[in-house]
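Engineer: Here is my input, please return the structure:
(one chain, ligands or ions: 1)
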Amino acid sequence: MSEGAMLATSLQGARAETDALFRLLAPDAIYDRPIPERNRLVFYLGHLEAFDWNQIGRVCLDMPSFHPEFDRLFEAGIDPPPGQGPQDQPSDWPSVAEVEQYSQRVRARLDAVLDHAPPGNVQMVLEHRMMHAETFAYLLHQLPYTRKQQVAPSAIPTGGAEVSAGEFIDIPAGIATLGQRAGEFGWDNEFDCHTVYVPAFAIGKHKVTNGEYLEYVRQGAKPPHFWVERGGQWFFHGMFSETPLRLDFPVWVTHREATAYAHWRGLELPTEGQFHRAAYGTLSEAASGTLSEAASGAPANGERFYPWGNDAPTAAHGNFDSHAWDPQSVLAHSPGDSAFGVSQLIGNGWEWTATPFAPFPGFTPASYYLTYSQNFFDGEHFVLKGGSPRTPAGLLRRSFRNWFRPNYPYVYAGFHLIAN
Ligand SMILES: [Fe+2]
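Structural biologist: The predicted structure follows:
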């Protein structure tokens, strides 16, 4: 199959996935705004297609617009500071029928010309859609259960295994490669590829658990957003139901909460470089020296493409790629451990880092999408690495960087602790 045909097939698959997410809404929930700092859900119905149209139809192929008003209305999402959400009303938005008609027209037009679009741009709209498949899950999560269709809960391993808190793994000093190789697909913030020297440090083997965080809450800390207390018992507010809080599951918290918890323990969050070192580093780096990935086709500095090695991600490696809606035990998925034995650096929740989202040396904004990253280089967003249960496998590449505000409580994100 040609690259173009493969991308077209992937796009069809991604459309089917996002279409299925909208079908999880109760019939009249499309005009709800489950997260105050985000648009009403109907925006996303139009946004995915408007983005594809604006990028491929308008920018790449210079096609005439058939609906300029919707191209603009659905062009870009929002990320205001907390408490400064938009004030629009449902009646300010078009009808679902109008939006769906627009979407169908966009799809038909683009499918007819997709072969003529540069593969890198098709990859971009594909990844944009995949990212929204995850962030739409955050929105869906915040809807009351009565506002979404019930889905049979995914099987959660039973048994309340105790996690031995405080197990730390020594990571020797070494080189970490950040960013994507030139010539490979990546978003603008993944370039330029470069190396950083990371001094020795120790990292928790597991993600911080609900059980560990519960001690902190008992000392007076505010409980995480996803926890609910009923009759003196703690529950996890899952996607489709509340379940008794599992102490061996990762705690999902904001960056501020993660940082405060780490400091309470006298510890830190990992930097982006430390994350890379713990996740992708090996003891064999000296052997491969400075041989570049581009020259050899293999990772440089003895590093791996994924924590578990260079094999493509599978369900055995972690809780990602939409197999589950909610978190699982921090003890699960040991085949996904890193070379140093650190668990779940990818999957079961993004990993907060201490690193503010900022450009890599040599950064230039992508000419076709100038605002993708640089609007967020404001010191008000932090880098997350890894992935959550709803992160598609295609976004698990080493160089992918995610970012959110430090007090945004809706992202599926936990953390490992660092002792420097
Ligand atoms: Fe978007």
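Engineer: buried stuff in stretch 301-321?
Structural biologist: Neighbour counts using 16 or more other C-beta atoms under 10 Å place 301-308, 313, 317-321 of stretch 301-321 among the buried residues. The way it works is simple: take the backbone N, C-alpha and C, and place the C-beta from them, glycine included.
Engineer: Report whether residue 65 is found in a helix, as I expect.
Structural biologist: No. Secondary structure of residue 65 (DSSP: H, G, I helix; E, B strand; the rest coil): coil, not part of a helix.
Engineer: That one contacts residue 71, doesn't it?
Structural biologist: Yes. Using C-beta atoms under 8 Å, residue 65 is in contact with residue 71, at 5.5 Å.
Engineer: joint contacts of the two?
Structural biologist: Shared contacts of residue 65 and residue 71, defined by C-beta atoms under 8 Å, 6 or more residues apart in numbering, comprise 53, 58.
Engineer: Show me the strands in this structure, by range?
Structural biologist: Assigned by DSSP state E, the chain shows strands spanning 168-171, 174-178, 194-198, 201-204, 227-230, 233-237, 242-244, 350-356, 382-385, 402-404, 413-414, 418-419.
Engineer: so which of the ones you listed gets nearest residue 77?
Structural biologist: Closest to residue 77 of the strands of the chain is strand 402-404 (C-beta to C-beta; 12.9 Å).
Engineer: What helices and strands are in contact with the closest one?
Structural biologist: Packed against strand 402-404 by the contact rule (3 or more C-beta pairs under 8 Å, 6 or more residues apart in numbering; DSSP states H and E) you find strand 382-385.
Engineer: returning to that earlier point: neighbour count winner among residue 65 and residue 71?
Structural biologist: residue 71 (20 against 13; other C-beta atoms under 10 Å).
Engineer: which residues does that one contact?
Structural biologist: Residue 71 makes contact with 50, 53, 54, 58, 65, according to C-beta under 8 Å, 6+ apart.
Engineer: Of those, which is the nearest to residue 378?
Structural biologist: Nearest to residue 378 among these is residue 54, at 23.9 Å by C-beta to C-beta.
Engineer: Contact partners for residue 235?
Structural biologist: Counting by C-beta under 8 Å, 6+ apart, residue 235 makes contact with 227, 228, 229, 242, 243, 244, 245.
Engineer: Need phi/psi at the residue lying closest to residue 137 once chain neighbours are set aside.
Structural biologist: Counting by C-beta to C-beta, 6 or more residues apart in numbering, residue 390 is the residue found nearest to residue 137 once chain neighbours are left out, at 4.3 Å. Here is the backbone geometry of residue 390 (degrees, to the nearest 10): phi -100, psi 10.
Engineer: Residue 390 contacts residue 326, doesn't it?
Structural biologist: No. When contacts are counted by C-beta under 8 Å, residue 390 is not listed as touching residue 326 (9.7 Å).
Engineer: Low-confidence regions, the stretch 51-200 of the chain specifically.
Structural biologist: 153-165 (pLDDT under 70).
Engineer: And for the stretch 251-400 of the chain?
Structural biologist: For the stretch 251-400 of the chain, applying pLDDT under 70 flags the ranges 285-300.
Engineer: ok, which stretches of it are helices?
Structural biologist: 255-264, 272-280, 285-288, 293-296, 371-374 (DSSP state H, counting those that start in this stretch).
Engineer: ok, so of the contacts of residue 71, who is nearest residue 144?
Structural biologist: Distances from residue 144 to the contacts of residue 71, taken by C-beta to C-beta, are shortest for residue 50, at 28.0 Å.
Engineer: if I look at that closest one, how far off is residue 366?
Structural biologist: Applying C-beta to C-beta, to the nearest Å, the value for residue 50 to residue 366 is 18 Å.
Engineer: residues contacting residue 49?
Structural biologist: Residue 49 touches 74, 102, 103, 106, 107, counting by C-beta under 8 Å, 6+ apart.
Engineer: Mind picking the one among those residues that's closest to residue 357?
Structural biologist: Proximity of those to residue 357 (C-beta to C-beta) peaks at residue 74, which lies at 25.0 Å.
Engineer: Let me know how buried the closest one is, in neighbour terms.
Structural biologist: The number of residues near residue 74, taken as other C-beta under 10 Å, comes to 28.
Engineer: How much space separates it from residue 5?
Structural biologist: Separation of residue 74 from residue 5 (C-beta to C-beta) stands at 28 Å.
Engineer: Closest one to residue 210 out of the buried residues of stretch 301-321, please.
Structural biologist: Closest to residue 210, out of all of these and judged by C-beta to C-beta, is residue 319, at 15.0 Å.
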